[in-house]
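[1] Based on what follows, work out the 3D shape:
(chains A and B)
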Amino acid sequence: MSSDGQSAPAPAGTPSNAAAAPAPRRAVIVGGNRIPFARAGGAYAKSSNQDMLTAALDGLIARFGLQDERLGEVAAGAVLKHSRDFNLTREAVLGSALSAETPAYDLQQACATGLETLVGLSNKIRLGQIDSAVAGGVDSASDAPVVVSEGLRDVILDLNRARKLPQRLQILSRLRPKDLAPLAPGTAEPRTGLSMGEHQALTTAQWKITREAQDELALNSHRNLAAAYESGFFDDLITPYRGLSRDGNLRADTSADKLASLKPVFGKNLGVGATMTAGNSTPLTDGASTVLLASDEWADARDLPKLAVVVDAEAAAVDFVHGKDGLLMAPVFAVPRLLARHGLTLADFDFIEIHEAFAATVLSTLAAWEDEDFGRTRLGLDGAFGKVDRARLNVNGSSLAAGHPFAATGGRIVASLAKLLHAKGSSEGRPARGLVSVCAAGGLGVVAILESA
Amino acid sequence: MAARPVVLGEMPSLSKLYVNAAAQAARHRLLGSGNAAVLPEEGHQVRGVTVDVANLTAYQHLLGETASDVLPAGFVHALAFPLAMSVMNRDDFPLPLLGMIHLRNRVEQRVPLVFTQPLDITAHVENLQGHRSGTQVDVVAEVRKSGTGAVCWRGVSTYLAKGVFLPGIDKPAAHPAREEFRAPDPTALWQLGVDTGRAYAAVSGDFNPIHLSVLSAKALGMRRSIAHGMYLASRALADVGPSRGDSFTWEVEFDAPVFLPCRVALDISTEQETSGAWKRSDFVAWNPHSGRRHFKGSVASADVDAGAPGREDQVQATHVSQ
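    Numbering: from 1, shown residues only, chains lettered A, B, ... in the order given. Below you'll find the predicted structure:
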């Protein structure tokens, strides 16, 4: 393990709490690369997860001159994943320009997959187990795996086990026509049967988030993303793919009137006011993203940029099954815990990136943090957790405009934020600081702090 | 129950019981029932009942229970059901079995049962009483580990024979006003396909035609097939989740029948002790379109009195309209 050269080792006899333990070395973000995100059924309709992940990875390799390099590890994942893709990331590595001796593993944590790969790999770098890594994620809503019915599956598996013909015939006779209909993956939560949009619709109503506020957030997302493209912000973050050079979902010309004209799609049968439309919810999207991580030494030795440091991360989960909390509200709990560990408040961040699963998810999160009672009773604080300065929120747009290929969103946010932090450099005499918050199915959430390197 | 139970050599066949019940119904239509308003004192018993593990697994998967070795409380109900039916199928049982409406069900799961354990199951009927639209009766099933005395599982199913009024059994004087139901925010949404009844029949053995298909249900005078009440109640029990532990009281009261296919909205609210330990979960299910309540009930820790929400209420009898 290399020495970090930054902090003195802890004196002997120091209690082994985290604060007093010797600080591990830094894990820095060198840069990122993704392919533009496409609306489902669009430019990447025929591209597989492996195709897209390899394309994003090859773009990263080309950008940072990593051809034939043996990296410490590559970790990525997909939420909608075919069983044949049991080694998706390793296969993408083998199909890329990296050395075939680069190890890889798959990770799956619903929409937090991409951010969690970053957390795990940066920890390995901090511990000195590896010096370089690529974190990533990919998802295709177009090329989604289709599975056979339980009836057919049962028959096929039993047939495999049967030895004699009469036995096989008897098993085959169990087949019914309806067993032959294929099943596409559903979006419903397994334990509640409610779709993610329906879950959010309940949360939206509970926090009294208005349609107007949601549309305004969606409009800002499109405007900010369009402006970022115009300013060339994404020139070194994106590799064109299959004819796309910008996110296919971006509507630079959308307006408040257009968004207001859309009909609600979620929550219509739930007895709550339906305010969520296709405009203020993320569409099904295809895409892939990657982030290059390294130790200082590894990056310096190759003369690579160091944009940001992965400071710390926190995962949380909520008990949403019987409605104690909203499905997508885990970050509401993760962020206060993470910030408390570092003695920080929301005001200490220059950029705050809250994944826009739905506009209402972001607004419900902000509302919970601003709520005195919630802060006291649920977060164990003296009052409200705090207010997010909207001028620092998702400044270059987020998932509502860019789209949200589930596992690819973490990498998209992290690469953009690292670049923003690097450009800002320092703020009030300290490194520029950013917060990433990603909610996920299953009541999960992962959040992380980055600082300019 | 005073009399010793009649010991049957094996678990009665439900299909034979249904056929016999149909024949009995036809006989009564021709000859009149002439039944006295007395219940048979004798119960029935089957000893050494074993569980088919493949059937258990299929049941657990269908209902959303963890596929552990412990028998779900609803599975035990299904196991005891043919015996309960056989008591109601006796010639001296005063009510017509076919067309009876399941009003409510109460189960005490006192000791968890595992599938490797042979079981002694008894069933008897009691508590014959008037209902504003007929006559109701309790069917009590008790399950013990074979050769032991302690009841591990006890179920009381209350059925209504609609339109049947027996001499000497008075209707309740007045029935309280129906409580207004206002649907809360759902915590779950079930999509029940047309095959829901067939799927539950396959794992429970209850092939009552009103649950199987539109045609078979129509043959019995219903507009469409309906979901088994115990399928709904057992799914709600599964949805309550593992916090319920191994011993609990589980109650359900049925309202509007669930015609298939349909969507059922469900709310489960949980109460905790001050220590944070689970105390009880109340559930209610309704039709998200019409807002009509399908059923409500509770699962309560065996340590507390379930307090049976609305147990004294008169239940609106809308199940079977034949």
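[2] could you dump the helix or strand of chain B at the bottom of the mean pLDDT ranking to PDB, C-alpha only?
    Least confident helix or strand, chain B: helix B:14-31 with a mean of 78, by mean pLDDT, DSSP states H and E. The C-alpha coordinates for helix B:14-31 follow below in PDB (Å, rounded to 0.1, in the frame of the first residue of the first chain):
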ATOM      1  CA  LEU B  14     -63.500 -32.200  -1.200                       C
ATOM      2  CA  SER B  15     -64.800 -33.000  -4.700                       C
ATOM      3  CA  LYS B  16     -66.900 -35.800  -3.300                       C
ATOM      4  CA  LEU B  17     -68.200 -33.500  -0.600                       C
ATOM      5  CA  TYR B  18     -69.100 -30.900  -3.200                       C
ATOM      6  CA  VAL B  19     -71.000 -33.500  -5.300                       C
ATOM      7  CA  ASN B  20     -72.700 -34.800  -2.200                       C
ATOM      8  CA  ALA B  21     -73.600 -31.300  -1.200                       C
ATOM      9  CA  ALA B  22     -75.200 -30.700  -4.600                       C
ATOM     10  CA  ALA B  23     -77.200 -33.900  -4.300                       C
ATOM     11  CA  GLN B  24     -78.300 -32.800  -0.800                       C
ATOM     12  CA  ALA B  25     -79.300 -29.400  -2.100                       C
ATOM     13  CA  ALA B  26     -81.400 -31.100  -4.900                       C
ATOM     14  CA  ARG B  27     -83.000 -33.500  -2.300                       C
ATOM     15  CA  HIS B  28     -84.000 -30.600  -0.100                       C
ATOM     16  CA  ARG B  29     -85.500 -28.700  -3.000                       C
ATOM     17  CA  LEU B  30     -87.700 -31.600  -3.800                       C
ATOM     18  CA  LEU B  31     -88.500 -32.900  -0.300                       C
END
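[3] got the contact list for it?
    By C-beta atoms under 8 Å, 6 or more residues apart in numbering or on different chains, the list of residues contacting helix B:14-31 from outside reads B:81-82, B:85-86, B:89, B:91, B:96-99, B:205-209. To be clear about C-beta, it is placed using only N, CA and C from the backbone, and glycine gets the same treatment.
[4] same check, this time on stretch A:261-275
    Counting by C-beta under 8 Å, 6+ apart, residues outside stretch A:261-275 touching it are A:195, A:197-198, A:200-202, A:204-205, A:209-211, A:214, A:276-279, A:281, A:358, A:360, B:183, B:185-186, B:263, B:265, B:288-289, B:291.
[5] quick one: which of these sit in strands?
    By the criterion of DSSP state E, membership of the contacts of stretch A:261-275 in strands covers A:Met276, A:Thr277, B:Arg263, B:Ala265.
[6] hang on, A:Glu451 in a strand?
    Yes - with DSSP: H, G, I helix; E, B strand; the rest coil as the criterion, A:Glu451 is assigned to a strand.
[7] Tell me the pLDDT of it.
    On pLDDT, A:Glu451 comes in at 98.
[8] I figured it hits A:Leu421, correct?
    Yes - the criterion here is C-beta atoms under 8 Å, and A:Glu451 meets it with A:Leu421 at 6.6 Å.
[9] Mutual contacts of these two, please.
    Common neighbours of A:Glu451 and A:Leu421 (C-beta under 8 Å, 6+ apart) are A:Ala308, A:Pro431, A:Ala432, A:Arg433, A:Gly434.
[10] Select only the buried ones of the residues you listed in ChimeraX?
    In ChimeraX syntax, the buried subset of those is picked out as below (16 or more other C-beta atoms under 10 Å in any protein chain shown):
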select /A:308,431,432,433,434
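[11] Show me where the stretch 1-150 of chain B dips below the pLDDT cut-off.
    Scanning the stretch 1-150 of chain B for pLDDT under 70 picks out the ranges B:1-3, B:29-35.
[12] Get me the contact residues on it for chain A.
    B:Gly64 (C-beta under 8 Å from any C-beta of the partner chain).
[13] quick one on the thing from earlier: can you put the shared contacts of A:Glu451 and A:Leu421 in CSV and add distance to chain B and secondary structure?
    CSV is the format used below for these (distance: C-beta to the nearest C-beta, whole Å; DSSP: H, G, I helix; E, B strand; the rest coil):
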residue, distance to chain B, secondary structure
A:Ala308, 40, strand
A:Pro431, 40, strand
A:Ala432, 41, coil
A:Arg433, 36, strand
A:Gly434, 35, strand
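[14] TSV for the shared contacts of A:Glu451 and A:Leu421, including pLDDT?
    Shown next, in TSV, are these (pLDDT from 0 to 100):
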residue	pLDDT
A:Ala308	98
A:Pro431	97
A:Ala432	98
A:Arg433	98
A:Gly434	98
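[15] Put the alpha carbons of stretch B:162-170 into PDB.
    Output of stretch B:162-170 as PDB, limited to C-alpha atoms (Å, rounded to 0.1, in the frame of the first residue of the first chain):
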ATOM      1  CA  LYS B 162     -78.500 -16.800   3.300                       C
ATOM      2  CA  GLY B 163     -82.200 -16.900   3.200                       C
ATOM      3  CA  VAL B 164     -82.400 -19.900   5.500                       C
ATOM      4  CA  PHE B 165     -84.400 -19.300   8.700                       C
ATOM      5  CA  LEU B 166     -84.700 -22.200  11.100                       C
ATOM      6  CA  PRO B 167     -87.500 -22.500  13.600                       C
ATOM      7  CA  GLY B 168     -86.500 -21.300  17.100                       C
ATOM      8  CA  ILE B 169     -83.600 -19.300  15.800                       C
ATOM      9  CA  ASP B 170     -84.400 -15.600  16.000                       C
END
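[16] If we go by neighbour counts, what in that stretch is buried?
    In stretch B:162-170, residues buried by neighbour count (16+ other C-beta under 10 Å) are B:Lys162, B:Val164, B:Leu166, B:Ile169.
[17] Now the least confident helix or strand of chain B: buried residues?
    Buried-residue list, helix B:14-31, by 16+ other C-beta under 10 Å: B:Leu14, B:Leu17, B:Tyr18, B:Asn20, B:Ala21, B:Gln24.
[18] Same question for stretch A:76-84.
    A:Ala76, A:Gly77, A:Ala78, A:Val79, A:Leu80, A:Lys81, A:His82.
[19] Over to stretch B:103-116?
    Of the residues in stretch B:103-116, B:Leu103, B:Arg104, B:Asn105, B:Arg106, B:Val107, B:Glu108, B:Gln109, B:Arg110, B:Val111, B:Pro112, B:Leu113, B:Phe115 count as buried by neighbour count, 16+ other C-beta under 10 Å.
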